[in-house]
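*Asks:* okay, here's the prediction I keep looking at, along with the sequence it came from:
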Number of protein chains: 2
Amino acid sequence: MYRRLVTMARKKQYNEQEVIEKATALFWRNGYEATTVRMLEKEMGINQFSIYSSFGNKQGVFLESISAYKKQISCITNKLKASKNGKEGIKQYFYDFLEFAKEGSKNKGCLVTNTVNEMKDVSDPIIMEKLVDFASTIRQLFIANLLQEEGSKEGEVQRKANYLMNCLLGLSVSSKVYDQRKLNDTIEISFLNI
Amino acid sequence: MYRRLVTMARKKQYNEQEVIEKATALFWRNGYEATTVRMLEKEMGINQFSIYSSFGNKQGVFLESISAYKKQISCITNKLKASKNGKEGIKQYFYDFLEFAKEGSKNKGCLVTNTVNEMKDVSDPIIMEKLVDFASTIRQLFIANLLQEEGSKEGEVQRKANYLMNCLLGLSVSSKVYDQRKLNDTIEISFLNI
DNA sequence: TTTATTACTAAGCAAACGCTTAGTTTTTGT
DNA sequence: ACAAAAACTAAGCGTTTGCTTAGTAATAAA
């Protein structure tokens, strides 16, 4: 990452991709601020020195974690991208997302949404930008799918996309508290009117 | 609060109600964890000693802040309680809430929702209980209003209440990012299908 | 084998956290 | 005027935070 080799020396005893995936899981479970570098040490299984030499700082670890998260969730977003049946494809994304965020009987919500909720104002603009960028990608996919519906108008589609983002945002939060059956009911009602 | 007078002595130089309202504003703007006791000192205008002697600890200040928040928002919840026109009354609550949480051009969201988002698992059960209690109060008001609609069925009303809570949760979060016009559109669509 | 270079371990840094305490001032009853 | 009690100020407590650094082990080129 920040390495510049002139002559070869001792090799890294860990795989950066692997340890970032462990960090991602921890951030996802725990939130950004609540996750300390000591906890990252244990979870990633490497010393603090290694963390800082590979990723610069805690923020650097998190930025890489968001990338890893995107890669993990791409199986769902790609499915949405490929979908050809309008709002039904979006509804399927809602269900897929709940399955994706499941952890035992609990639900971790969305790493991106969780962190947006956590961040106050623009306390960390670099992270915030990456999060907002991810959200607008999802919104674009919603718009593309809504445009597949017969007789859809541009302005109406924009408003519906905002509405669906609002539902998904709510779902990401309430999925941590409510059980699957209630969430399913909520999803069904959410798609009745669009 | 924790005082037990035998003989009268020096009087408090501050009003507990007043300083709690200042603390409430700070927690609302800033979140629970991100608000330090030093910040509370400045905002409340009293020394740390006074904070701890009046409210026990930081958690104590926050619990009192939730009570103060409830009192502040009661003008809206009471309006919803008194409302007799079914789902229209609930929709009005959505609009009232946005106005209530407005701060300049920004929006602070809901103190309760913000803190639920912030709390991981059951890291603080005492606070969590008070938050969940507040949320279920709102849900009950939704149910009462939905039952005013002609031909409403119990099970259907329960599901609709969950759906509306999900919308409100989403709104509380997205109100911090999106502008008023988009939020209004989202509210209108949210009520099309119930 | 030597030497340069990198990765490791573990101790330690200043700053900030929630909270306490020593010491002083203000108020009241006698 | 005096003593008791509560509220004030400000310094400081132990712990944890993100991050650094001194010293050692491993590796590859010479």
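*Replies:* Now that the structure is in, tell me what you want to look at. Numbering: from 1, shown residues only, chains lettered A, B, ... in the order given.

*Asks:* shouldn't A:C167 be in contact with B:N166?
*Replies:* Yes: between A:C167 and B:N166 a contact is recorded at 6.6 Å, counting by CB atoms under 8 Å. For the C-beta atoms, the positions are set from N, CA and C on the backbone; glycine is no exception.

*Asks:* per-residue pLDDT, the residue of chain A found nearest DNA strand C?
*Replies:* Going by CB to the nearest atom of the strand, DNA strand C is nearest to A:A9 of chain A, at 2.7 Å. A:A9 carries a pLDDT value of 80.

*Asks:* what about it, how many residues close to it?
*Replies:* A count of neighbours around A:A9, defined by other CB atoms under 10 Å in any protein chain shown, yields 6.

*Asks:* that one - that's part of a strand, no?
*Replies:* No: read with DSSP: H, G, I helix; E, B strand; the rest coil, A:A9 is coil and lies in no strand.

*Asks:* please see if the helix or strand that contains A:I73 touches DNA strand D.
*Replies:* Here A:I73 sits within helix A:58-82, counting by DSSP states H and E. Yes: using CB under 7 Å from any atom of the strand, helix A:58-82 reaches DNA strand D at A:58-59.

*Asks:* which parts of that helix are buried?
*Replies:* By 16 or more other CB atoms under 10 Å in any protein chain shown, the buried positions in helix A:58-82 come out as A:58, A:60-66, A:68-70, A:73, A:76-77, A:80.

*Asks:* same check on stretch A:169-188?
*Replies:* Neighbour-count burial for stretch A:169-188 [16+ other CB under 10 Å]: A:169-178, A:182-183, A:185-187.

*Asks:* quick one: pLDDT of the closest residue to A:D185 other than its chain neighbours?
*Replies:* In this structure, A:D185 finds its nearest non-sequential neighbour in B:R159, 4.5 Å apart by CB to CB, 6 or more residues apart in numbering or on different chains. As summarised for this prediction, B:R159 has a pLDDT of 98.

*Asks:* am I right that B:R159 sits in a helix?
*Replies:* Yes: B:R159 forms part of a helix when assessed by three-state DSSP.

*Asks:* contact partners for it?
*Replies:* By CB atoms under 8 Å, 6 or more residues apart in numbering or on different chains, B:R159 lies in contact with A:182, A:185-186, A:189.

*Asks:* in helices, which of the residues you listed fall?
*Replies:* Those of the contacts of B:R159 mapping onto helices are A:182, A:185-186, A:189, per DSSP state H.

*Asks:* JSON lines please, covering those residues and showing pLDDT.
*Replies:* Formatted as JSON lines, the ones in helices among the contacts of B:R159 follow (pLDDT from 0 to 100):
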{"residue": "A:K182", "pLDDT": "97"}
{"residue": "A:D185", "pLDDT": "97"}
{"residue": "A:T186", "pLDDT": "98"}
{"residue": "A:I189", "pLDDT": "98"}
